[in-house]
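Asker: this one's structure only:
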């Protein structure tokens, strides 16, 4: 019984954790706006959420598209001079942004887009928090029986 | 709480940008320095940034910034003919530092904008985390 009650929150919990994950990615991009050779990263949020929740999504089909200006792909080190991007573990679920205006120092961070995505993600994070709070409140009201 | 890492990421960026500002300040302060008795004037310095992965997994999720090195501009200093100057060499030329004040001002504005950006990122992350802590209220 209590499982049925809390299962409503599972989807939102996954969404919240993915939102915080994306917030961290965007913060890294903004932090590295002046680092030569840094490649901007982003995630396909709809796909990540579908993978995390096993396509359930509370019966709704997610039709969000990949964020504009973000291309799928992986950078391979094929020559000795290539710099390996992604640290020790290369996460293949992350995408690389395509620079709208290429820089001479090979940095692909587009500050306008990153700031817009950051604000957008912050608002959606708060929205998810609101959904969770609403769900909790609904359940507490049901338990207490107050109207 | 992966969002707590934002403070490390943006904090490292703020620290790197403030080092850059510090170097710009040194360069501007020494813009009119003349060469000493050894004949070498102040050389403009520049910081070099480098990505530093700081997550627990070392993955691309938390990419901070660190200052990898500070390099000196090796270009020759400005030489001005001024035989009456006590610092003039045998030919009557005074060697000034090779600081380009315009370049330094541009560098300063860029550094201060990046600094502000990262402070705003930290403020947003802080308010989101505070709201997360009050979840269920």
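Answerer: Sure, I can see it. No experiment lies behind these values; they were computed from the predicted model shown.
Asker: Which helix runs longest in the chain?
Answerer: Reading this off chain A. helix A:111-144 (DSSP state H).
Asker: Let me rephrase: I mean chain B.
Answerer: Ranking each helix of chain B by length (DSSP H) puts helix B:101-133 first.
Asker: Show me which residues of it are buried.
Answerer: B:104, B:107-108, B:110-111, B:114-115, B:117-118, B:121-122, B:124-125, B:128, B:132 (16 or more other CB atoms under 10 Å in any protein chain shown). (C-beta placed from N, C-alpha, C; glycine too.)
Asker: what residues does chain B put near chain A?
Answerer: Counting by CB under 8 Å from any CB of the partner chain, the residues of chain B close to chain A are B:1-3, B:5-6, B:9-10, B:12-13, B:17, B:20, B:48-51, B:53, B:55, B:57-65, B:110-111, B:114, B:117-118, B:121, B:124-125, B:128, B:131-132, B:135-137.
Asker: helices and strands around the longest helix of chain B, which ones?
Answerer: Packed against helix B:101-133 by the contact rule (3 or more CB pairs under 8 Å, 6 or more residues apart in numbering or on different chains; DSSP states H and E) you find helix A:2-31, helix A:111-144, helix B:5-29.
Asker: what about it, distance to the chain center?
Answerer: Chain-centre distance of helix B:101-133: 14 Å, with CA atoms, centre = their mean, to the nearest Å.
Asker: Could you export the helices and strands packed on helix B:101-133 as a markdown table, including mean neighbour count?
Answerer: Shown next, in a markdown table, are the helices and strands packed on helix B:101-133 (neighbours: other CB atoms under 10 Å in any protein chain shown):
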| stretch | mean neighbour count |
| --- | --- |
| helix A:2-31 | 19 |
| helix A:111-144 | 15 |
| helix B:5-29 | 20 |
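Asker: Least reliable of those helices by average pLDDT, please.
Answerer: Comparing mean pLDDT across these, the lowest value falls on helix A:2-31: a mean of 87.
Asker: Please work out the angle formed by the directions of it and helix B:5-29.
Answerer: In terms of direction (axes from the mean of the first three to the mean of the last three CA atoms, to 10 degrees), helix A:2-31 departs from helix B:5-29 by 10 degrees.
Asker: how much does helix A:2-31 deviate in direction from helix B:101-133?
Answerer: Interaxial angle, helix A:2-31 versus helix B:101-133 (the same axes, to 10 degrees): 170 degrees.
Asker: what's helix A:2-31 packed up against?
Answerer: strand A:41-43, helix A:45-53, helix A:111-144, helix B:5-29, strand B:63-72, helix B:101-133.
Asker: Now tabulate the ones you listed in JSON lines and tack on distance to residue A:24.
Answerer: Output for those, formatted as JSON lines (distance: least, CB to CB, whole Å):
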{"stretch": "strand A:41-43", "distance to residue A:24": "10"}
{"stretch": "helix A:45-53", "distance to residue A:24": "13"}
{"stretch": "helix A:111-144", "distance to residue A:24": "10"}
{"stretch": "helix B:5-29", "distance to residue A:24": "6"}
{"stretch": "strand B:63-72", "distance to residue A:24": "9"}
{"stretch": "helix B:101-133", "distance to residue A:24": "9"}
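Asker: out of the ones you listed, nearest to residue B:79?
Answerer: Proximity to residue B:79 (CB to CB) singles out helix B:101-133 among those, at 17.0 Å.
Asker: Pull up the residues of chain A that are close to chain B.
Answerer: A:16-17, A:20-21, A:23-25, A:27-38, A:41, A:85-91, A:94, A:111, A:115, A:118-119, A:122, A:125-126, A:129, A:132-133, A:136.
Asker: pLDDT weak spots in chain B?
Answerer: Residues of chain B that meet the criterion pLDDT under 70 lie in B:1, B:56-60.
Asker: okay, which residue is most central for chain A?
Answerer: residue A:22 (3.3 Å; CA atoms, centre = their mean).
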